[in-house]
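S.K.: Next input, structure requested:
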Amino acid sequence: MDICAGGTVSIGATSISFTNDHPEQCTITSCDMPGWPTTDPIIPGRQGSTPGTGTVQLSTPAAAGGPYTYTPGCCKKRTAPVIRVQ
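M.R.: Here you go, the predicted model:
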């Protein structure tokens, strides 16, 4: 899922993979999704033409609900991206 755009995960997912196309690493804060880690995840930045990737492990499987908002520190959008579970 693009870190600045958000996206959809399946019910029962135990992790969420993010891509980061910015040159700097990106910290994800303020996520209200159940099971989100208590330590803010950091997604590595792009290396050359290859986007950075990182996986956030959930402490409980994703359940239907949301959308859940989060704040990626590297994105300039005014509206927070969301994670949808379906």
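
S.K.: the strands in this protein, which residues?
M.R.: Assigned by DSSP state E, the strands in the chain fall at 6-9, 15-20, 26-29, 42-43, 52-57, 65-69, 71-72, 82-85.

S.K.: Quick one: these as TSV, columns for distance to G35, mean pLDDT and mean neighbour count too.
M.R.: C-beta: built from backbone N, CA, C; applies to glycine. TSV is the format used below for the strands of the chain (distance: least, C-beta to C-beta, whole Å; pLDDT from 0 to 100; neighbours: other C-beta atoms under 10 Å):
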stretch	distance to G35	mean pLDDT	mean neighbour count
strand 6-9	11	96	17
strand 15-20	10	98	19
strand 26-29	14	96	17
strand 42-43	18	98	19
strand 52-57	9	98	16
strand 65-69	10	92	16
strand 71-72	18	96	20
strand 82-85	10	96	18
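
S.K.: In TSV: the ones you listed, plus distance to W36.
M.R.: Listed next are the strands of the chain as TSV, based on distance: least, C-beta to C-beta, whole Å:
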stretch	distance to W36
strand 6-9	12
strand 15-20	9
strand 26-29	9
strand 42-43	14
strand 52-57	7
strand 65-69	8
strand 71-72	12
strand 82-85	9
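
S.K.: Show residues contacting stretch 10-20.
M.R.: Stretch 10-20 has contacts (C-beta atoms under 8 Å, 6 or more residues apart in numbering) with 1-3, 9, 26, 28, 41, 43-46, 51-58, 61-64, 74, 83, 85-86.

S.K.: Figure out how far it is from the centre of its chain.
M.R.: Remark: stretch 10-20 is offset 8 Å from the chain centroid, using C-alpha atoms, centre = their mean, to the nearest Å.

S.K.: list the contacts for the nearest residue to G52 once chain neighbours are set aside?
M.R.: Distances taken as C-beta to C-beta, 6 or more residues apart in numbering place P44 nearest to G52, at 3.6 Å, with adjacent residues excluded. Counting by C-beta under 8 Å, 6+ apart, P44 touches 20, 25, 52-54.
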